[in-house]
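Participant: I'd like to go over a predicted model; first the sequence, then the structure.
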Amino acid sequence: MDQNKKLTVGIIQSKVTQNKQENIETMKKTMGEFIEKYPKTELLVLGECWGTPYNTKKFKQYSENIEKQKSPSVKMLSEFAKNHEIYIIGGTIIEKVKEENETKLYNTCCVFDSKGELIGKYRKIHLFNIDIPNKITFKESETLSAGKKTFAFSMKNGNFKIGIGICFDMRFPELTALYSHIHNINLMVYPGAFNMTTGVHWGLYGKVRALDTQSYVILASPARDENSPDYVAWGHSSIFDPFASIVSELDHNPGFISYTLDLDVILQTRQQIPVLKGKRFDFYDVSELKKD
Ligand SMILES: NC(=O)CC(=O)C(=O)O
């Protein structure tokens, strides 16, 4: 069997507290337990803001300069990736950057290779600004700036091409179309944190994005904490196959899941229902959608 046609992935769904150091320790410990149970893991995925309370007023205080090795979350993830020789899609960290004499904050996903190198990062492009009266009002743009670039990378000799979006990004099919048509992805990964009002959409988007792209989709969330003073996350980290079936799913509690993706399932789905091949670019034009 060609092992390059398989990719064994895992999702860690951990509880977020007000104490960043504690969150980092919990994540490291849980990842350690996961690897002990699933030693063949090649790629680990974490949720949105796994070390930071999801609250715009607290983002600055918890932010990190991720280019610096001393940034605590980056250091832990990089060392873990290197020590265990796995790739990590590091959920999101609130990134602090000096740009034109101004400090900007981004909701950023860092990706590490199996040597522990930070091979790229993706900054959330669509900021989460919603207002549902008597339910939830949340405005990331109060404190965050929006990213401007897509980021994709490949594993297993180029057999798996992986695109990254963050949470609210999954509501925008144009972004997925970019990843599909320009980066040719076959796995979309969204660290995210839907909430108790919008959680009903979470699994639907997993299915829809799998259908759009005929790809595997991974949605990775923090665990739900009903007593959170900030934001009650939906949980339900899940993996969808290219046929849009849920192949592995957590409930809302802390935990982890492992699953092996299969290139043949992607190829078979695309052959049986030739949606990607059938695109009519002569009829509609995606040239307006820019690469980074
Ligand atoms: N947290 C988000 O970015 C998005 C979200 O919760 C939603 O779209 O619902």
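Facilitator: It's in.
Participant: Going by C-alpha atoms from here, please, whenever you check contacts or count neighbours.
Facilitator: OK.
Participant: For beta bridges, what are the partners of F240?
Facilitator: Beta bridges link F240 to V217, I246, judged by DSSP bridges.
Participant: so what's it up against?
Facilitator: When contacts are counted by C-alpha atoms under 8 Å, 6 or more residues apart in numbering, F240 is found next to G206, K207, A210, Y216, V217, I218, I246, V247, S248.
Participant: was I right about the fourth one contacting I239?
Facilitator: To tie it back to what came earlier, the one meant is Y216. Yes - distance between Y216 and I239: 7.2 Å, which falls inside the contact criterion (C-alpha atoms under 8 Å).
Participant: Endpoints of stretch 162-170, how far apart?
Facilitator: 15 Å (C-alpha to C-alpha, to the nearest Å).
Participant: Outside of that stretch itself, which residues are in contact with it?
Facilitator: With contact meaning C-alpha under 8 Å, 6+ apart, stretch 162-170 is reached by 48, 109, 122-128, 150-155, 175-176, 179, 183, 185-194, 205, 209.
Participant: what about the closest residue to the ligand within the chain, how many neighbours?
Facilitator: Using C-alpha to the nearest ligand atom, F194 is the residue of the chain that sits closest to the ligand, at 3.4 Å. Other residues within reach of F194 by the criterion other C-alpha atoms under 10 Å amount to 22.
Participant: I figured V111 hits K121, correct?
Facilitator: Yes - using C-alpha under 8 Å, V111 makes contact with K121 at a distance of 5.9 Å.
Participant: since we're on I132, how many residues are nearby?
Facilitator: Under the criterion other C-alpha under 10 Å, the count of neighbours that I132 has is 10.
Participant: Got the phi and psi for it?
Facilitator: Reported as degrees, to the nearest 10, the phi and psi values for I132 are phi -110, psi 100.
Participant: Would you mind naming the residues that pair with it in a beta bridge?
Facilitator: I132 has these beta-bridge partners by DSSP bridges: I136.
Participant: In terms of pLDDT, where does it sit?
Facilitator: Model confidence at I132, expressed as pLDDT, equals 96.
Participant: D285 now?
Facilitator: Predicted confidence (pLDDT) at D285: the value is 71.
Participant: Please apply the same query to G199.
Facilitator: On the pLDDT scale, G199 is placed at 98.
Participant: Now do the contacts for it.
Facilitator: In this structure, G199 makes contact with W234, judged by C-alpha under 8 Å, 6+ apart.
Participant: swap in L44?
Facilitator: Applying C-alpha under 8 Å, 6+ apart, one finds that L44 lies in contact with V9, G10, I11, I12, I86, Y87, I88, I89, G90.
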